[in-house]
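Participant: Okay, predicted coordinates and the sequence, questions at the end:
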Amino acid sequence: MKKPDYRKIYTDMIMAKFPDKMDSCSTIINKESLSSIDIISLQKKLFDTQQRELTEKFNQQHKSYDIPTIHKILQYQRDQQLNNSQLARHFKLSRNTVTKWKKFFS
C-alpha cells in the first residue's frame, strides 16, 4: 500500500493558505522522510486551537502509527523518564495502547 506524499500535501497547503508560516515549517518539510510525529507537529503549527480541537476529536479514533514512530514514542518515554500515564497524556493515547506497545516492542 502506497503512503500519501505528506511533503507535497503540506507544501501545497502552506503555499495556498499559510504562506506566512512557510519559514517556521520549512525545517520539518525539508526532512528526508516525514514521520507521524512530524505530521502532527505541522498540524499544530498551521491550525488554530479551536479548529485543531475539533479535528483532534474527530481523528482520535482514526490514529495509526508505523513501527518507527512507535519506537520514537517509546524512546521519548525513556529519555523523559515518563510513566505510561504521562506518555499517554502527552501523545493523547490510551494507557492500554502504550502498555501493548511496550510488551510487543520490548
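Facilitator: Sure, I can see it. Residues are numbered from 1 along each chain as shown.
Participant: residues contacting Leu74?
Facilitator: For Leu74, the set of contacting residues under the criterion of C-beta atoms under 8 Å, 6 or more residues apart in numbering consists of Trp101, Lys102, Phe105, Ser106. Just so you know, the C-beta spots here come from the backbone N, C-alpha and C atoms, and that holds for glycine as well.
Participant: Need the per-residue pLDDT for it.
Facilitator: In the prediction, the pLDDT value recorded for Leu74 is 95.
Participant: chain center to whichever helix in the chain runs longest, what's the gap?
Facilitator: Residue-count comparison of every helix in the chain, with assignments taken from DSSP state H, identifies helix 67-80 as the longest. Taking C-alpha atoms, centre = their mean, to the nearest Å, one finds helix 67-80 lying 12 Å from the centre of the chain it belongs to.
Participant: buried set for it?
Facilitator: Taking 16 or more other C-beta atoms under 10 Å as the neighbour-count basis, helix 67-80 is seen to contain the buried residues Thr69, Ile70, Lys72, Ile73, Leu74, Gln77.
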